[in-house]
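Participant: Everything below, folded, please.
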Amino acid sequence: MAVTEKQYSMDNVKLFELAFGEGFMSCGGSAYLALLFADEELGPSTHILDVCCGLGGSAFYLENEYGAQVTGIDREAELIEHARRVAEERSSKCEFILGDVIATHFDDNSFDYIICRDALLHFDNERKNQLFQKIRSWLKPGGKFLATDYGISDQPLTQEQQAVLDRKGYHLLMQSDYYDIFERNTFIRIQVSDETESYTSHTQAELDRLLGRKDEITAHYSAAAFEKTVKAFKNKLQDIKDGIKTYWLIQAEKYSIQSQRLKGRVAICTGASSGIGRSTAIALTAHGASVVLAARNADKLNTVKALIEEQGGTCFVAPTDITQREQVLGLVRTTMERYGRVDVLINSAGVMFYTFMENGVFEEWARTIDVNITGVVNCIGAVLPVLIRQKSGHIINVSSDAAKTPFPGLSVYCASKAFVTTLSQNLRNELRGKGIKITDVQPGDVRTNLVQTNSDTKTLEALGINPQFKVGHGWASDTQLLSPFDIADCIVGAVMTKPNVAINEVLIEPRDQ
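Facilitator: Residues are numbered from 1 along each chain as shown. Okay, the predicted model is just below:
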């Protein structure tokens, strides 16, 4: 971790404290901390770990505001000594540990929350991965990691811009990188929000605060110290203006069993290796359902299985290519042999390719029809006899708002989703009186990796799409995109309705899409 003693000497830190607020060393001080915990319920039984705690401002704030029990850890001796002195003066119960967080031991399942303010940039990618592995093990089931940190946008940096970061020893990630690394470490409900505009506003206010105390700072320190500190804040703003840095607000959660409301219910979930399917499978098991995980990639399915079973959830891996009828029949047969029933079918598997018809990309059109249409029909056809015999069941088809709204370059995809929506409507009529519910879920822009498999470069170039970063089918900004768990929560809600209540159609989009 490339942090120098000079960077975090007490003189430097105390000068920054004048801008951020007493005890704080990061943008926004207590204001951003309040934002991180805005939707959380804290109290005297809440245990929090503050990674790279600095002067302890966050720890003292959380203790004072919520009565929480806070442990801070930092490798800078001067900072920890200062935090301990303040704790003693205040008769605070906050504990401060001197050490490298990755080399430090805490028992598994120790903390309700782990926080980190503006310090992840000091960890290279390998150490970030090690840190997140540790954090996940230290969090209690259902615990959350909350952080703010600098990042980079999805626009390539120039050599000069990269040189600035290298010189400072900063290791910054794009939004998509953070999603990937948290998912690899089996976090759920990951949200990485772009707070660059808010950061800029806070930083400008902090700079103004310093400028307003010029005489005081010059008298207590020196004119050179004042100019150096002011320059540092101006550089922060310039880095944002030049596109070198962005600012992320990060939230991620450890899986937990939340209830047993769906205990005894058996669900088959296709596309369960990633995206909406993965999130739906996790959300269903979190409420006690037994879920059969179906997709082609057995390794990814087993990763989902390990995540679920670690906390006592129930699932079964059934590698399946839904375009192959015999494999789908085998999927249902295996489910019946293992559980004796099927209560819910989630048709979540799907593909999406940007391609103009004039470009003649027949392979991608055929793949869209095979997965989005034939696959759905195969699954419904295989499970329907079971549901009819049971006189109960629920088929949930994940369609899209593209079923009713055209999007450029998605003619075949839109048509395939229109098929799913129309099929759902007709199936509902056919099965009326048989005890079977049909729900058509139409998501808008969702953060998934569907676009990253496109091969029609002509269409991508014409639409200005970089498949490495484009993650939705519409044009919502990164801050507007839905999480796959937003869709999963709607699906679970539909499954939980009373037997006489049917949620037939759900359109769920980002608020401002």
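
Participant: contacts, neighbours, all on C-alpha from now
Facilitator: Will do.

Participant: okay, residue 4: pLDDT?
Facilitator: Residue 4 is assigned 43 on the pLDDT scale.

Participant: wait, residue 469
Facilitator: pLDDT for residue 469: 56.

Participant: for residue 94, same thing?
Facilitator: According to the model, residue 94 scores 98 on pLDDT.

Participant: Isn't it up against residue 73?
Facilitator: No: here residue 94 lies out of contact with residue 73, judged by CA atoms under 8 Å, at a distance of 10.8 Å.

Participant: The stretch 151-300 of the chain: strands as residue ranges?
Facilitator: Ranges of strands within the stretch 151-300 of the chain are 188-194, 246-253, 266-270, 290-295, based on DSSP state E, counting those that start in this stretch.

Participant: what is the mean pLDDT for the longest one?
Facilitator: If you average the pLDDT over strand 246-253, you get 96.

Participant: quick one: that strand to chain centroid distance?
Facilitator: Strand 246-253 has its C-alpha centroid displaced from the chain centroid by 8 Å (CA atoms, centre = their mean, to the nearest Å).

Participant: Over to stretch 60-74?
Facilitator: Going by CA atoms, centre = their mean, the spacing between the C-alpha centre of stretch 60-74 and its chain's C-alpha centre is 25 Å.

Participant: hmm, who's touching it?
Facilitator: Defining contact as CA atoms under 8 Å, 6 or more residues apart in numbering, one finds that stretch 60-74 is touched by 30, 42-54, 56, 59, 80, 92-101.

Participant: about what we covered before: how about the strands of the stretch 151-300 of the chain, which one is nearest residue 219?
Facilitator: Of all the strands of the stretch 151-300 of the chain, it is strand 246-253 that lies closest to residue 219, at 33.4 Å by CA to CA.

Participant: Show me what that closest one is packed up against.
Facilitator: In this structure, strand 246-253 makes packing contacts with strand 139-151, strand 188-194, helix 196-212, judged by 3 or more CA pairs under 8 Å, 6 or more residues apart in numbering; DSSP states H and E.

Participant: From residue 74, how far off is residue 247?
Facilitator: Here residue 247 is placed at a distance of 22 Å from residue 74 (CA to CA, to the nearest Å).

Participant: So for stretch 239-255, first residue to last residue, what's the gap.
Facilitator: Taking CA to CA as the measure, stretch 239-255 stretches 37 Å from start to finish.

Participant: What of stretch 207-216?
Facilitator: 15 Å.

Participant: picking that back up, between the strands of the stretch 151-300 of the chain, which one is nearest to residue 455?
Facilitator: Closest of the strands of the stretch 151-300 of the chain to residue 455 is strand 290-295, at 22.0 Å (criterion: CA to CA).

Participant: Sheet partners, orientation included, of the closest one?
Facilitator: The strands that strand 290-295 pairs with in its sheet are strand 266-270 (parallel), strand 314-319 (parallel) (by DSSP bridges).

Participant: returning to that earlier point: would you turn the strands of the stretch 151-300 of the chain into a markdown table with distance to residue 231 and mean neighbour count?
Facilitator: As requested, the strands of the stretch 151-300 of the chain are arranged in a markdown table below (distance: least, CA to CA, whole Å; neighbours: other CA atoms under 10 Å):
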| stretch | distance to residue 231 | mean neighbour count |
| --- | --- | --- |
| strand 188-194 | 25 | 21 |
| strand 246-253 | 19 | 22 |
| strand 266-270 | 55 | 27 |
| strand 290-295 | 54 | 27 |
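
Participant: As JSON lines, those with distance to residue 498 would be great.
Facilitator: As requested, the strands of the stretch 151-300 of the chain are arranged in JSON lines below (distance: least, CA to CA, whole Å):
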{"stretch": "strand 188-194", "distance to residue 498": "26"}
{"stretch": "strand 246-253", "distance to residue 498": "29"}
{"stretch": "strand 266-270", "distance to residue 498": "16"}
{"stretch": "strand 290-295", "distance to residue 498": "19"}
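
Participant: closest to residue 506 out of these?
Facilitator: Nearest to residue 506 among the strands of the stretch 151-300 of the chain is strand 266-270 (18.1 Å), distances taken as CA to CA.

Participant: So what touches that closest one?
Facilitator: Contacts to strand 266-270, defined as CA under 8 Å, 6+ apart, come from residues 277, 280-281, 289-295, 322, 335, 339, 341-349.

Participant: Nearest spatial neighbour of the residue nearest the centre of the chain, chain-adjacent residues omitted?
Facilitator: For the chain, the residue nearest the mean C-alpha position is residue 190 (1.7 Å; CA atoms, centre = their mean). Ranked by CA to CA, 6 or more residues apart in numbering and with sequence neighbours excluded, the top spatial neighbour of residue 190 is residue 252, at 4.4 Å.
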